[in-house]
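Enquirer: Build the 3D model from these lines:
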Amino acid sequence: MLIFQKNIYEKNDAAAHLQGDAVHVIPEYHLSFDARQFIEAALLDEESLIETLHRQPAGFHLEETRRFFPNAHRIGGLDAIATLLHILRRGLACEADWYHMNTYHFCVLYDVLYRCAYNYNRDCLTERRKVLPSLKGALLPFDLFVKDYFFNTVFLLDKDIYNSLTAEEKRRRGFTCPCQFAVINGLAPTREEMELQKSWDYPYTLYV
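Expert: Okay, here's the model as predicted:
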């Protein structure tokens, strides 16, 4: 099970602690949205995309990887992204353990989920209901989703801006995700960095 800022394995978790009229701003999202369903749908679509890209001549891989993965293409190309996606699908489906992700994982996920949300929001009502039944055809507010479920989006920073920040400034802005320096500066992940890290404790606060 993958660890996000909010638990994707509990339905309606996004609305569990909202107060006042907050749930009425985007009711279908706050009350019905199934984050795991969204992530599963996006990762499933990527399987066919990666297969299609791999069938193309190698000379097109770089161009197509930049097109479909505008942020993640920096980290090592199509093969590295394909491996990370396989690891993420495996972690998402695991029901025995919780796994922490690093910046490589979040960067790839952001590109995948952004594209899925973009395509979903442009689809007709009938198609949207097929892709994400929990939203009942409502639009998906991607920026709000990222704010709810991602710990930060440090990987979107320009590397010159990131490298100019002090350690204290990074910490104060919440930029503490493992491997963030490597991702922003375009370093390919090692085998160890590609793997998810098992959590030995339950990663969420228990409300009583």
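Enquirer: For the residue positioned nearest the centre of the chain, which residues are in contact?
Expert: Here the mean C-alpha position of the chain is nearest to the C-alpha of L109 (Cα atoms, centre = their mean), at a distance of 3.1 Å. With contacts defined as Cβ atoms under 8 Å, 6 or more residues apart in numbering, L109 is in contact with I39, L88, M101. In short, each C-beta sits where N, CA and C put it, glycine included.
Enquirer: Let me have those residues in JSON lines, adding secondary structure and pLDDT as columns.
Expert: What follows is the contacts of L109, written out as JSON lines (DSSP: H, G, I helix; E, B strand; the rest coil; pLDDT from 0 to 100):
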{"residue": "I39", "secondary structure": "helix", "pLDDT": "96"}
{"residue": "L88", "secondary structure": "helix", "pLDDT": "97"}
{"residue": "M101", "secondary structure": "coil", "pLDDT": "98"}
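Enquirer: Output stretch 33-40 as PDB, nothing but the C-alphas.
Expert: Coordinates of the C-alpha atoms in stretch 33-40 are reproduced here as PDB (Å, rounded to 0.1, in the frame of the first residue of the first chain):
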ATOM      1  CA  PHE A  33     -13.900  10.800  -4.700                       C
ATOM      2  CA  ASP A  34     -12.000   7.500  -4.600                       C
ATOM      3  CA  ALA A  35      -8.300   8.500  -4.800                       C
ATOM      4  CA  ARG A  36      -7.200   4.900  -5.100                       C
ATOM      5  CA  GLN A  37      -9.600   4.400  -8.000                       C
ATOM      6  CA  PHE A  38      -8.100   7.400  -9.800                       C
ATOM      7  CA  ILE A  39      -4.500   6.300  -9.200                       C
ATOM      8  CA  GLU A  40      -5.200   2.700 -10.300                       C
END
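Enquirer: Give the buried residues for it.
Expert: Neighbour counts over stretch 33-40 (16 or more other Cβ atoms under 10 Å) mark F33, D34, A35, R36, Q37, F38, I39 as buried.
Enquirer: Understood, closing this out.
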